[in-house]
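Undergrad: Here is the input, now give the coordinates:
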Amino acid sequence: MNTTRTMHHEQNSIRRFLKTPKGTAFTILAGLTLIASLRPEDHSGLVNALVAVVTGLIVDNVVAFLQKRKSFFSDGAIITGLIIADVLSHATPLYLVAATTIVALLSKHILKVGRKPIFNPAAFGLLMAVWVFHTGESWWGSLALLPTWLTVVVIVLGLLVTVKVNKFPQVAAFLGTYFTLLLVMAVLHVGLPSDTPADALRIPFVNTALFLSFFMLTDPPTSPAPYVQQIVFGILVAVVSTAIFAFIGGLTYLLVGLLVANLYKAVWARLFSRWNRTQKPRSTGYVSKLS
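TA: All right, here's what the predicted structure looks like:
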């Protein structure tokens, strides 16, 4: 009887998790990973995903143990692991997949303002992987290497996540600004001769922008909630990313753009919190005088 009750409880817990925003993101990311792995060259990407997810769970549980918190099933670690595996090249050695995940999860626990991480963990880990470990990135989980019509699948599934986490203004601001700037620069022939803005308007670059906007830009702890701030955040990511792509090049321009906006959001939240604290005593005094 107890065993049956335990099974029912676990089944209900899984159903509840899958209905949450993180559960939706996990389900869709896992689905995209499976679809992307249908390409024969990317079969090994599934092994990378397994290594990244297991590493993420270990890191989060070790941190929980050191902080004397109850060990837990970290949905954030699973999502971060899947994103890292979907972006890194399928040829990345497993120890570098694990190292990238460790850096990403440690950034979540160390680089914080209050209880919230400053940077998107996956973006931070992936950028450090390029700069420090010199890993390659293919963004294969965005279905960029599969037939073009599958991009529609990425858009539909990505919009489901966007609506679920209530980040539509942010994603719309980013994609609208990003593609408009690239189009203007392509018409005016602005940019590097090696990677022109016109190149960024084609697949696979389009898929990378879509994947980042739907699954990384929408991370609730590292992006703002109010709609106006979401629009500012999305525009900032787009402006920084396109500027880096046009004048510096490389493949990390989207990650840098996102991390710069993450830092802006953290600083803004800090300043607003401090301003709010300085206003409270004045309000209290005014109210006491009135009373």
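
Undergrad: so is residue 131 in a helix, a strand, or just coil?
TA: Remark: residue 131 carries the secondary structure label helix [criterion: DSSP: H, G, I helix; E, B strand; the rest coil].

Undergrad: quick one, what contacts it?
TA: Neighbour list for residue 131: residue 252 [criterion: C-beta atoms under 8 Å, 6 or more residues apart in numbering]. In short, each C-beta sits where N, CA and C put it, glycine included.

Undergrad: So it versus residue 275, what's the distance?
TA: Relative to residue 275, residue 131 is positioned 35 Å away (criterion: C-beta to C-beta, to the nearest Å).

Undergrad: repeat for residue 234
TA: Distance from residue 234 to residue 275, by C-beta to C-beta: 24 Å.

Undergrad: try residue 119
TA: Residue 119 is 23 Å from residue 275, where distance means C-beta to C-beta.

Undergrad: Out of the two, name the residue with the larger neighbour count.
TA: Just comparing residue 119 and residue 275: by other C-beta atoms under 10 Å the higher neighbour count belongs to residue 119, 25 against 9.

Undergrad: Hmm, residue 111 and that one touching each other?
TA: Yes - applying C-beta atoms under 8 Å, one finds residue 119 in contact with residue 111, separated by 5.9 Å.

Undergrad: ok, which stretches of the stretch 1-150 of the chain are helices?
TA: Listed in chain order, the helices found in the stretch 1-150 of the chain under DSSP state H, counting those that start in this stretch are 2-19, 21-36, 44-66, 75-87, 94-110, 121-128.

Undergrad: Could you dump those into a markdown table with distance to residue 188 and mean pLDDT added?
TA: Converted to a markdown table, those look like this (distance: least, C-beta to C-beta, whole Å; pLDDT from 0 to 100):
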| stretch | distance to residue 188 | mean pLDDT |
| --- | --- | --- |
| helix 2-19 | 47 | 66 |
| helix 21-36 | 35 | 93 |
| helix 44-66 | 38 | 93 |
| helix 75-87 | 30 | 95 |
| helix 94-110 | 37 | 96 |
| helix 121-128 | 29 | 97 |
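
Undergrad: quick one, what contacts residue 232?
TA: Residues 173, 224 are the ones in contact with residue 232 under the rule C-beta under 8 Å, 6+ apart.

Undergrad: Would you map the helices across the stretch 151-291 of the chain?
TA: Here the stretch 151-291 of the chain has its helices, by DSSP H, counting those that start in this stretch, at 151-164, 168-187, 197-200, 205-215, 227-247, 253-290.

Undergrad: Would you tell me which one of those is buried the most?
TA: Among those, the stretch with the highest mean neighbour count (mean count of other C-beta atoms under 10 Å) is helix 205-215, at a mean of 24.

Undergrad: by contact count, what packs against that helix?
TA: Taking 3 or more C-beta pairs under 8 Å, 6 or more residues apart in numbering; DSSP states H and E as contact, the helices and strands that helix 205-215 lies on are helix 75-87, helix 151-164, helix 168-187, helix 197-200, helix 253-290.

Undergrad: angle of it against helix 227-247?
TA: In terms of direction (axes from the mean of the first three to the mean of the last three C-alpha atoms, to 10 degrees), helix 205-215 departs from helix 227-247 by 150 degrees.

Undergrad: who touches helix 205-215?
TA: Looking at what lies outside helix 205-215 - C-beta under 8 Å, 6+ apart - the contacts are 25, 29, 83, 86-87, 139, 141-144, 151, 154-155, 157-159, 161-162, 171, 174-175, 178-179, 199-200, 254-255, 258.
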